[in-house]
Every structure is written in structure tokens, then in C-alpha cells.
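Asks: Need a 3D model of the following:
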Amino acid sequence: MAIQYSAGNLNEAINTEIANWEEENKIQRLWQGDASLWTNSDESNWLGWLDVPAEQQEIPRIDSLTKEIAQAKISDIVLLGMGGSSLCPAMMAETFGTLAGFPNLHILDSTDPVQILHLEEKINLTSTIFIVSSKSGSTLEPNIFKAYFYKRLQEVLNRSQVSDRFIAITDPHTSLEKIAKQEHFKALFYGVPSIGGRYSALTNFGMVPSGLIGINIVEFLEHALKMRQLCLPDQRITENPGALLGIILGTCAKYGKDKMTFIISPGIRSLGDWLEQLLAESTGKNGRGMIPVSNEPLGPPSVYRQDRTFVYIRLNDAPDPNQETTVDQLEKLGFVVVRLNLPNKMHLGAEMFRWEIATAVAGSILGINPFNQPDVEESKKLTLELANQYEKTGRLSAMEPFYSKEGIALFADQKNQQEITQFLNKDATLENYLEAHINRIKPDDYFDISAFIEMSLEHTELLQQSRVAVRNQKKVATCLGFGPRFLHSTGQAYKGGPNSGVFLQITAHEVPDLKVPDHHYTFGLIIKAQAEADFTVLSKRSRRVLRIHFEKDLVDGLKQLAACLKKLGYTVEYSDG
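Replies: Numbers count the residues shown, from 1 in each chain. Here you go, the predicted model:
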């Protein structure tokens, strides 16, 4: 799993950084927990993940529970979580699929009521187990997911059976631990307090759901342990796969090539979603950081600028010919290209550990704390304030649109509205306002679509068209995330990282809605509050942001958005390789 890279005029800077890490024994200091390697604050309290692959005490319990679930003829497992507690299980479910004789694994990490209903249609409630996964135990989303499905099970099962259909994964001494014990959940697994959510993939948060669907987690963790050995301080930097990758990425970001663009073999494509959170939430703060670009369809080299660092993660037993050709072209044209090779899917655990080391190293080079997420916390806090406001008053404060016609409305704070109006050289139409907003994009910026709607295949395809249209016209990196999922992932970099993003937030009036048990608010109200909180924090950070709201048919609205971009001359042809 050696690294190959070509960095052009940055090779000298990378070699200088390698020498610096060797001379100052920085890898040894990392393994010793030396906080001065970063910002000299609390970093030493968050390095428990360094030892995780070597610790497998819970595997017998997971094996026993797996057999018990099989005997009970459980057809489905639904993981209720967000961010670090859900992205690894989601990657494992998509990568390995449903194995013969084991349940299907579904992930719920959206408060969109339509998505919740569609998930419920896919499962048989009477033969489903729910995993409530939350490190802090107090995260809003998994708690209200649990409340909803606990009530639904009470409607279809004998009440004495309901608690036996729930498993909890949380840190010791949390409110979720208390609930799991009081309500006699089937099982309770603990997280490690010294490991942050996004570094917890190889702990119970990732391994319990993976084991329950039949993945050989012993073999999976053995590969991770071998990678850990290669990343120890007794290895030279050039032979240390985690340290070398971190130095390459950190140096590239430091010199302006901060759009980390993943090209990943289709068989492990969902690794990109996990990497998005790890890089964005770890490094995007204090006006610095990396902007991960995941699932952006391939384009011709002419649509890319030199602010990109391309990371090609190749599955050796199932490479994609189109990706191979594109990466070769990019390398020949002088773009920074990093090549990583996985023998097969079971080596994903090793790759994840490599990236955890790399992220910690890159964070040191960028001079930030890679283990906190201050701007994510601000959005969470504001969401709770808005939800509590609704509980007390029955109202949710919101902006007024500055444009509204035929079921489509545009929203912006005063500063953004003034700037968009300055770019408006034509009549005040939807197409012209969108063009004015997009024309605020400058070279080496990035464009992001944040969609607080159901994450369906149809919605994704339509938004990919809009994303690629802007990429091809403006030649900037583009991102696409679904809320509230991305709030626990890339949201940190968008708010705390470089102020180089131009954001289009999408909201919709979706029906039917679902009530959250024991509260006055609904799931529809919560996702609305999350969008409002996201927009407010972006505005406070002086980000260039516009909201487009679809009051009527959402699919028609997304098609109209893509049509507007076509009308403006933005092409929508792309390769999905």
C-alpha cells in the first residue's frame, strides 16, 4: 500500500517538510501525545485512536450477538446516528452489501420526514433491530429517531418486546447509556472517551454494525493493525504511509492546492463520504484547512485549475478504466496526483487508519487542532435554540424572501442580498438572480450545494447536473451535501475553513410531515431549523450564500434549477466514471 505521487513544483517543499519531520522527531512526538505538535491545547486528550486496531476485546460479544440476531430471524438493522457514528457503517453497508444469511443494514442520518417514511417502507418493523449510535449521547438527531421508532414498535409489537429491539453505542456516563440501562436495551456497547467521533470508525461505532451484518471484522482489523505497525515512529517518513500522505496533503494545502479531489474506484466509492468528514471537520478551522471534493463526476482536464490535489484511491482487484485514463492525463499535464492502492475491500480498515494518521500530520503542518469542531457545535446549539423556541411559542423565526414567484423563493441576509443585487445586470428573474450569485465565484474558489431534502437517487442525479454545470463553466471545485448529514461533516470546513466557498442552500416544503413523540415540533420543523441555523452561521462568517426554496413539487423545482443553468449557458454533460 505504498504511496506514489507527482507534485511538480511542490516536490521541493514536500522534501523540506519530510526532512523537518525527521530532524524534529515529529512522528515520535505524535505517538507520545505531544500537544505542542499542534496548538498545545487539549490535543493529547484525543489520541486514543492510535491504539484501537490492537484492542479487540469486544469481538466475542459482537459474535455472540450476531448469532442471537440470526436465530431471531432479524431481517433488517437500522442505525440511527449522525456524522462519525454513521458514516463508517454507511460505507460498510454500501461497500459489502447484504451478505447471505445476515440482515440488511440501513442508515438513518436525515431528519427529512420523507426520507424517514421511505426508510420505514423498506423494512419490516416486526423483524428489525435499531442501533442508537451517539458518542455524546445527547445528539439531537439519533435521540428523536429513537423516540419515533420506539413509539412505532410499540404500535406493532407487544410492549415488553420493544426494548429488546434496541442496541446502544455511546461513551460511558452519557444520557443514552442511562436510557439503555433503564429501558433494558438488548445490548449496550461503549465508545472510548479519548477518541473523537470522526476517528471512531475502528471502534465499536464502526465495528458493531459491521459485525452484525456478517463482515469479518477480525480480518478487517488485522489489516488495520498491520497499517498501524507501518505508521509507528521507528519507520522512516518516506516509508511511513500515514506520515508521508499527511505531509503531502498538508504541504499542498499550505501552498494553495487545498481542494482535495478524490477519484475512488467504484467498488469503494463510499469511502469518499467518510474521508470528507475526516478531512473537513479536522482541518477546516481558523481560516485554514482542506476542502474535500467527493463524488464529483470526472470531467476533461480543461475544467480543473491548479488549486486541486487529486487523490486516486484504486481498488486493485476492480479498477475503473475511465478513471485510469483520466488520472494519467492529469498527471501528464502537471497536476498534483497522489496514488493509493488497496488490494481489496477488506483493506479499507488499513486505509482508514492511514488517513487518520495523515490527517493528524496535516493538521500539524497547518497549525490547527485536528480534534475539535467549534463551528459544528455552534450550528448544533443554534438548532436546539430554534427548536426550543418553537416548543415554547409555536413559532420559528425565519427570513423573508427577496424573490418569490410560482412556488420558488430566494432568501439571503442583507449583506448577501446587496452583493447579489450588485451582480444583477438584468431583470429580477430567477435565472438572473442565480447567475448573479454564481458570478460571485472567483478563480480558486469552490461551489457547494447544501440540500436539506431527501437524499434520493433522483434528487442526487439532478443536483449532480447542476453541480457539474457550474464546475464546467467556472472551472472551480464543487461539492454536494445533504442536510443535516453534511452539518456533522463538511459543515465545519465551510464555516471555519478558508472563506473561498460560494454556497447554494436548497430547502423544500415536503409533505407529509412526521411528529416527534413527546414534543410539539415535527421532523419537518427540525430540518427547517437546521437549515436556518446553517444559513445563519454561514452569514455570520461572511460566506457568500443564497437559499432557494421550493414550495411546490420538489423534483420539478430541481429540474427547473438545472434548466436555469442550461439557459445560462452552463453545460451539463459529464462522465460518472
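
Asks: separation between the nearest residue to Leu558 once chain neighbours are set aside and Ala562?
Replies: Counting by Cβ to Cβ, 6 or more residues apart in numbering, Leu462 is the residue found nearest to Leu558 once chain neighbours are left out, at 4.1 Å. Every residue, glycine included, has its C-beta placed from N, CA and C. As judged by Cβ to Cβ, to the nearest Å, Leu462 and Ala562 stand 6 Å apart.

Asks: Which neighbouring elements make contact with the helix or strand that contains Phe535?
Replies: Secondary structure assigned from DSSP states H and E places Phe535 in helix 523-540. Counting contacts by 3 or more Cβ pairs under 8 Å, 6 or more residues apart in numbering; DSSP states H and E, helix 523-540 packs against helix 113-122, helix 140-156, helix 374-393, helix 491-496, strand 501-508, strand 544-550.

Asks: and Ser133, what is it in contact with?
Replies: The contact partners of Ser133, by Cβ atoms under 8 Å, 6 or more residues apart in numbering, come to Leu79, Leu80, Gly81, Ser85, Ser86, Pro89, Pro142, Ala168, Ile169, Thr170, Phe205, Pro209.

Asks: what about 6 Å?
Replies: Residues near Ser133 by Cβ atoms under 6 Å, 6 or more residues apart in numbering: Leu79, Gly81, Ser85, Ile169.

Asks: hey, least reliable of the helices and strands packed on helix 523-540 by pLDDT?
Replies: Lowest mean pLDDT of these: helix 374-393, a mean of 88.

Asks: Contacts made by the helix or strand just after that one with the rest, please.
Replies: Remark: after helix 374-393, the chain's next helix or strand is strand 403-405, criterion DSSP H and E. Strand 403-405 is contacted from outside by Leu410, Tyr433, using Cβ under 6 Å, 6+ apart.

Asks: Number the residues from 2 up from this point.
Replies: That works, and once the first residue is 2, the last one we named lands at strand 404-406.

Asks: who does the helix or strand following strand 404-406 touch, helix- and strand-wise?
Replies: Next in sequence after strand 404-406, counting helices and strands by DSSP H and E, comes strand 409-412. On a contact count with 3 or more Cβ pairs under 6 Å, 6 or more residues apart in numbering; DSSP states H and E, strand 409-412 meets strand 545-551.

Asks: Helix 524-541 and the strand it packs on, what's the angle between them?
Replies: Orientation note: strand 545-551 sits at an angle of 160 degrees relative to helix 524-541 (axes from the mean of the first three to the mean of the last three Cα atoms, to 10 degrees).

Asks: Parallel or antiparallel, list what pairs with strand 545-551.
Replies: strand 409-412 (antiparallel), strand 502-509 (parallel) (DSSP bridges).

Asks: what about Gln33, how many neighbours?
Replies: Neighbour count of Gln33, defined by other Cβ atoms under 10 Å: 12.

Asks: what does Leu555 give?
Replies: 22.

Asks: tell me the pLDDT at it?
Replies: pLDDT for Leu555: 96.

Asks: what's near enough to touch the nearest residue to it once chain neighbours are set aside?
Replies: Distances taken as Cβ to Cβ, 6+ apart put Ala509 closest to Leu555, at 4.6 Å, once the chain neighbours are dropped. By Cβ under 6 Å, 6+ apart, the contact list for Ala509 reads Ile454, Phe551, Leu555.

Asks: Over to the residue nearest to Asn205 when sequence neighbours are not counted: give its phi and psi.
Replies: Leaving aside its sequence neighbours, Asn205 sits nearest to Phe190 (Cβ to Cβ, 6+ apart; 4.3 Å). Backbone dihedrals for Phe190, given as degrees, to the nearest 10, come out at phi -120, psi 150.

Asks: Also Glu25?
Replies: With angles defined as degrees, to the nearest 10, Glu25 sits at phi -100, psi 10.

Asks: That one: how many residues sit nearby?
Replies: 11.

Asks: ok, now how distant is it from Ala351?
Replies: Distance from Glu25 to Ala351, by Cβ to Cβ: 27 Å.

Asks: and what of Asp110?
Replies: According to Cβ to Cβ, Asp110 stands 25 Å off from Ala351.

Asks: cool, and Tyr6?
Replies: 18 Å.

Asks: which one of those two has more residues nearby?
Replies: Ala351 (26 against 22).

Asks: Find the nearest non-adjacent residue to that one, please.
Replies: Spatially, and ignoring its direct neighbours in sequence, Ala351 is nearest to Met228 (3.8 Å; Cβ to Cβ, 6+ apart).

Asks: Thank you, goodbye.
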